[in-house]
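Participant: below are the sequence and a predicted model for it; my questions follow.
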Amino acid sequence: MYSCFEAAMIGHCAATLAGHKCGSLFSWRRDGEESVEQAVERLNRALNGRGVRLRILKQCSPGGLVYVYRPEALQARLDDPEIQAFLAQYGYRDWNEAACLERLECHIHCGESFPHEVGIFLDYPLEDVVGFIRHEGKGYCCLGCWKAYGHEEEAQKKFALFQKCSRIYQNCYNKGFDVARLTVSSQNRGALRFSA
């Protein structure tokens, strides 16, 4: 069963499904089909065995903000002492992925503005997350999936890779490939490679 939820997920999360990012985020509004809870539950059944989880970070009728992530990759990121030092400034204390996601969810619900530390969970380089906060989103060196403040060439390569990934996944999805088939298993120990 294909759905608008899956189409939205493919459009925003292809790089995570392909194993190039630890996580992606998208918002979805129900359009008469299944609820966001039903869609997340269904896709967790299909994708957990491939090393991908979905979590609703914020629910609002008739949809929600959904985080699609690879727990192992996210945990590896959270184990980095520099990431921990940064997140500690925002009240993070326990470094397992479940506790960190609970804290992020709380910041999304309770904060006056969207929590900028979300960039860590989206696999943005730490220096770019810090640069965005420090410069209030201004003065970046290049713009793509995020605003980059250092290593412009590296950021441009990532932006191009993620765009190519999205194009290929969208094309495959339109040809009838379902999300589970498009999700690279974490047991493969590597991201899906695309030829030029």
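Facilitator: Alright, I've got the coordinates.

Participant: off-centre distance for stretch 81-88?
Facilitator: 19 Å (C-alpha atoms, centre = their mean, to the nearest Å).

Participant: now the particular helix or strand that has Glu153 in it, how far from the centre of its chain.
Facilitator: Assigned by DSSP states H and E, Glu153 belongs to helix 152-174. Mean C-alpha position of helix 152-174 versus that of the full chain (C-alpha atoms, centre = their mean) differs by 14 Å.

Participant: tell me the helices and strands packed up against it.
Facilitator: The contact analysis (3 or more C-beta pairs under 8 Å, 6 or more residues apart in numbering; DSSP states H and E) places helix 152-174 against helix 4-17, strand 142-143, helix 179-182. Using the backbone N, CA and C atoms, a C-beta is placed for each residue, glycine as well.

Participant: what's the closest of those to Phe26?
Facilitator: Nearest to Phe26 among these is helix 4-17 (3.7 Å), distances taken as C-beta to C-beta.

Participant: elements contacting the closest one?
Facilitator: Packed against helix 4-17 by the contact rule (3+ C-beta pairs under 8 Å, 6+ apart) you find strand 23-29, helix 36-47, strand 63-69, helix 152-174, helix 179-182.

Participant: contacting residues for the residue of the chain positioned farthest from its centre?
Facilitator: Distance from the C-alpha centroid of the chain peaks at Gly32, with 25.2 Å (C-alpha atoms, centre = their mean). Applying C-beta atoms under 8 Å, 6 or more residues apart in numbering to Gly32 gives no contacts.

Participant: from now on call the first residue 797
Facilitator: Shifting the count to begin at 797 puts that one at Gly828.

Participant: helix, strand or coil: sort out it for me.
Facilitator: What DSSP: H, G, I helix; E, B strand; the rest coil gives for Gly828 is coil.

Participant: what's the pLDDT at it?
Facilitator: pLDDT for Gly828: 71.

Participant: can you list the helices and strands packed on helix 800-813 in JSON lines and add mean neighbour count, mean pLDDT and distance to Ser799?
Facilitator: As requested, the helices and strands packed on helix 800-813 are arranged in JSON lines below (neighbours: other C-beta atoms under 10 Å; pLDDT from 0 to 100; distance: least, C-beta to C-beta, whole Å):
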{"stretch": "strand 819-825", "mean neighbour count": "18", "mean pLDDT": "92", "distance to Ser799": "10"}
{"stretch": "helix 832-843", "mean neighbour count": "17", "mean pLDDT": "94", "distance to Ser799": "7"}
{"stretch": "strand 859-865", "mean neighbour count": "22", "mean pLDDT": "93", "distance to Ser799": "13"}
{"stretch": "helix 948-970", "mean neighbour count": "16", "mean pLDDT": "95", "distance to Ser799": "11"}
{"stretch": "helix 975-978", "mean neighbour count": "18", "mean pLDDT": "92", "distance to Ser799": "9"}
